[in-house]
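Student: Any chance you can model this:
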Amino acid sequence: MTEAVNPTTSTSAPLKPPANPASRFKQITRITYLALLALALLAPMIGLYPVFVMKLLCFALFACAFNLLLGFTGLLSFGHAAFFGSAAYVTGWFVKSQNWTPEMAVLAGAVAAGLIGLVVGLVAIRRQGIYFAMITLAIAQMVYFVCLQASFTGGEDGLQGVPRGQLLGLFSLESDTAMYYFVVAVFVLCFLFIARIVNSPFGQVLKMIRENEPRAISLGYQVDRYKLLAFMLSAALAGLAGSLKTLVMGFATLSDVHWSMSGEVILMTLLGGVGTFFGPVFGAGVVISLQNLLADKVGSWVTVIIGAIFVICVLAFRKGVVGELQAFMERRRNAALKAKPAN
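Tutor: Numbers count the residues shown, from 1 in each chain. Next up, the predicted model:
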């Protein structure tokens, strides 16, 4: 007699469950980051100009530092150029006049920017909205005046001919290739550090403050302390970007600490997407690339072109380019989850 086959006890392999849209999205994101890292490592070998890419990475780090404050804490600063430019001067002075090694000078610039951020934060952090933004702008203008009048900054001429020095006193950074990989390493470490901050319990509190500060206060969090620490971290990272820029370009000038630099970093962040990880990097890439490509062709009109592109992006992409892309992927993921049949 032949025995009837029970479908429930069939030896055939079970069907694979459909891929989780959330895990698929994370996988795509991870692959994208790895591809960009590989591109960054291979950039000098495929013909990309190292100094241009280094400048782009410095401003990308600057925008990421600003995004930590605006995108994940909800604080709009109009004075971030003060941290970027002051650290640039500090690093340039230590390397040129005191013969410090580049890593120590960069660290000194970041610490100086963090201390300035502490002072600015203590003054401004108890204010909100436009009052907070205007206090940061006013103090940044004071820093600009100090950089203009101080003897060690070179006044209107700035610090020129800043050497790159030797890393740890052993490895020369005068070569563009050596300096390039140093900048890439610092940028990657800082990017991962920012991601770690945002995904930590501290970062979750910052997001809660951004979304609903009164609720965070009602839950017992010392909101001012969290905002002050976020402000200092953002200032120190912005200073690190300015320090690297000084070593890359070999000079620090008043344009680094001018209020227009604060406007540029706001533009980069909004263009790419506030509150996203890769958005500020994308925005910095667009702005720096346009400045590099169009400066010789259209002169000062490059600012008009960048402004027009910014207006178009604000009207068409309210969340920034990367922000809109993430929102589109999120909608597709939610649609896939709703269409998935229940077990």
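
Student: pLDDT at the residue most central in space within the chain, what is it?
Tutor: What sits nearest the mean C-alpha location of the chain, by C-alpha atoms, centre = their mean, is Cys64, with 1.1 Å. Predicted confidence (pLDDT) for Cys64: 94.

Student: Ok, Ala235 next?
Tutor: 95.

Student: cool, Glu174 as well?
Tutor: Value for Glu174, per-residue pLDDT: 85.

Student: Nearest residue to it in space, please, no chain neighbours.
Tutor: Arg164 (5.3 Å; C-beta to C-beta, 6 or more residues apart in numbering). Any C-beta I mention is one placed from the backbone N, CA and C, and that applies to glycine too.

Student: OK, contacts around the one you found?
Tutor: By C-beta atoms under 8 Å, 6 or more residues apart in numbering, the residues touching Arg164 are 95, 102, 172-174, 179, 247, 250.

Student: do the same with Val184
Tutor: Taking C-beta under 8 Å, 6+ apart as the test, what Val184 contacts is 40-41, 57.

Student: most neighbours, which of these?
Tutor: Leu57 (28 neighbours; other C-beta atoms under 10 Å).

Student: what helix or strand does the nearest residue to it once chain neighbours are set aside sit in?
Tutor: Spatial nearest neighbour of Leu57, chain neighbours left out: Phe187 (4.6 Å); criterion: C-beta to C-beta, 6+ apart. Assessed by DSSP states H and E, Phe187 sits inside helix 176-199.

Student: isn't the residue nearest to Leu57 right next to Phe62, touching?
Tutor: No: with contact defined as C-beta atoms under 8 Å, Phe187 does not count as touching Phe62 (10.6 Å).

Student: how about low-confidence regions in the chain?
Tutor: Within the chain, the segments meeting pLDDT under 70 span 1-25, 299, 340-343.

Student: now the strands: where do they sit in it?
Tutor: All strands of the chain, identified by DSSP state E, fall at 166-167, 171-172.

Student: So which of these has the densest surroundings on average?
Tutor: strand 166-167 (a mean of 15; mean count of other C-beta atoms under 10 Å).

Student: what residues does that strand touch?
Tutor: Contacts of strand 166-167 (C-beta under 8 Å, 6+ apart): 101-103, 172-173, 178, 182.

Student: Stretch 117-126 now?
Tutor: Against stretch 117-126 from outside (C-beta under 8 Å, 6+ apart): 79, 82-83, 132, 135-136, 139, 224, 227-228, 231-232, 234-236, 239.

Student: May I have the residues that are in contact with Leu68?
Tutor: 194, 197-198, 230, 233-234, 237.

Student: Return the member of the residues you listed nearest to Thr73.
Tutor: Nearest to Thr73, judged by C-beta to C-beta, of these is Ala230 at 4.6 Å.

Student: Count the neighbours of that closest one for me.
Tutor: 26.

Student: give the contact list for it.
Tutor: Contacts of Ala230 (C-beta under 8 Å, 6+ apart): 68-69, 72-73, 75, 206.

Student: quick revisit: buried among the contacts of stretch 117-126? Make that a ChimeraX selection.
Tutor: Buried residues among the contacts of stretch 117-126 (16 or more other C-beta atoms under 10 Å), as a ChimeraX selection:
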select :79,82,83,132,135,136,139,227,228,231,232,234,235,236,239
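
Student: among the contacts of stretch 117-126, which two are most distant?
Tutor: That would be Asp224 and Gly239, which, of these, are the farthest apart (C-beta to C-beta) at 22.2 Å.

Student: Phe187 and Phe62: which is more packed in?
Tutor: The neighbour count for Phe187 versus Phe62, taken as other C-beta under 10 Å, is higher for Phe62 (29 against 22).

Student: And the more buried one, how close does it get to Ser260?
Tutor: 14 Å (C-beta to C-beta, to the nearest Å).

Student: Now for the chain: which helix has the highest residue count?
Tutor: helix 223-249 (DSSP state H).

Student: And that one, how far out from the chain middle?
Tutor: 10 Å (C-alpha atoms, centre = their mean, to the nearest Å).
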